[in-house]
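[1] Sequence unavailable; structure follows:
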């Protein structure tokens, strides 16, 4: 149950963050806003680490394969794409497309066992669910 609640909180925070970041971009620039977002996240993470964890900060470099360290690069790209999509589409449409893309990408990752995940078999119900999500976009955009 806690996993569901955390996932709901995550989705809500992503939507609110996207709106906040889009407004910050309007007052500055997209890369200034992105740098501020990433820097403030770094400060929060370092503070949380100092209070609760204290494991070696350098232990992340033991990860294999090394390309797994690109999460921060992806974080900057995610912030940029969310800001741009919210500015172009508005928060609701942008988040709808983002979530459907996340579901599709996550399903393909587990279907093919990419990036060290356990491969999962094809299931029609998941494909139908994905189709319903895409249909939801059409319904949402329908005037």
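    Received the coordinates, thanks. All values derive from a computational prediction rather than experimental measurement.
[2] Lowest-scoring secondary structure element of this structure by mean pLDDT?
    helix 124-141 (a mean of 90; mean pLDDT, DSSP states H and E).
[3] elements contacting it?
    Counting contacts by 3 or more Cβ pairs under 8 Å, 6 or more residues apart in numbering; DSSP states H and E, helix 124-141 is packed against helix 91-112. (Glycine included, C-beta is placed from N, CA and C.)
[4] for the helix it packs on, packing partners?
    Helix 91-112 packs on helix 2-27, helix 71-89, helix 124-141, going by 3+ Cβ pairs under 8 Å, 6+ apart.
[5] Identify each buried residue in that helix, please.
    Residues 91, 94, 95, 96, 98, 99, 107, 110, 111 are the ones in helix 91-112 that count as buried (16 or more other Cβ atoms under 10 Å).
[6] again, but for stretch 66-82
    78, 79, 80, 82.
[7] In CSV: the helices and strands packed on helix 91-112, plus distance to residue 52.
    Converted to CSV, these look like this (distance: least, Cβ to Cβ, whole Å):
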stretch, distance to residue 52
helix 2-27, 17
helix 71-89, 20
helix 124-141, 36
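[8] Deepest in the core, which of those helices is it.
    Highest mean neighbour count of the helices and strands packed on helix 91-112: helix 71-89, a mean of 16 (counted as mean count of other Cβ atoms under 10 Å).
[9] Go ahead and measure how far it is from the middle of the chain.
    9 Å (Cα atoms, centre = their mean, to the nearest Å).
[10] Fine by me, thanks again.
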